[in-house]
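Undergrad: With the sequence up front, the predicted model follows.
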Amino acid sequence: MKTRLLPIASILLVLISPVVLSQETPDNPRIADLRAQQERRDNPVTQEDILILNGALALLSEESAWNRADDRVCEDDESKGVRSLFCALQKANIDILGEYDHRRVALQEVRFAIQDATNNRRFEHRLRDFNNLPETTLSDIRSVLEVATEKVALRLKNTN
């Protein structure tokens, strides 16, 4: 019986190894390289990044449209007509691109603006956690969107 299990165990190990190796771990160099690339502040920008940021600003134009208790689940917010910073960016991203791109430059620039505005405060999820801080106001949300928009616009201008 043991001799039959050994080949099966070997096959399972071969099948499972790529999944295990691809998991996020601090010592996985592929994950570290990807994160480093995503956290660069000079990734190429496009006109769509400006449109996404402007779309999010438009969605968060009034206090009554802002959900200050983000749970990163946007479908229920959409049905209520309110959005957190994350959900506004997600909706604008889908409206412009036809799909959601979590690490799009527009969204990364908002993350960077949050870092700068909070003196590099550590967050588990920058967009959600900044949105949910008790001291964050809609003005603060709009400010990080505006800062990100200005930075993207300047970088876009400098590439033309």
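TA: All right, it came through fine. Residues are numbered from 1 along each chain as shown.

Undergrad: counting contacts, what elements does the longest helix along the chain pack onto?
TA: Across the chain, the longest stretch assigned as helix under DSSP state H is helix 138-159. Packing partners of helix 138-159 (3 or more CB pairs under 8 Å, 6 or more residues apart in numbering; DSSP states H and E): helix 47-59, helix 85-97, helix 105-117, helix 126-132. No exception for glycine: its C-beta is placed from N, CA and C like everyone else's.

Undergrad: Okay, the residue nearest to the spatial centre of the chain and Arg83: tell me how far apart.
TA: Residue closest to the average C-alpha location in the chain (CA atoms, centre = their mean): His102, at 4.3 Å. Going from His102 to Arg83 by CB to CB, to the nearest Å gives 16 Å.

Undergrad: Kindly report the same for Arg155.
TA: Separation of Arg155 from Arg83 (CB to CB): 26 Å.

Undergrad: So between those two, which is more surrounded?
TA: Shown here are Arg155 and Arg83; by other CB atoms under 10 Å, Arg83 has more neighbours (23 against 17).

Undergrad: I'd like to know how far the residue nearest to the centre of the chain sits from Lys157.
TA: Between His102 and Lys157 the computed distance is 26 Å (CB to CB).
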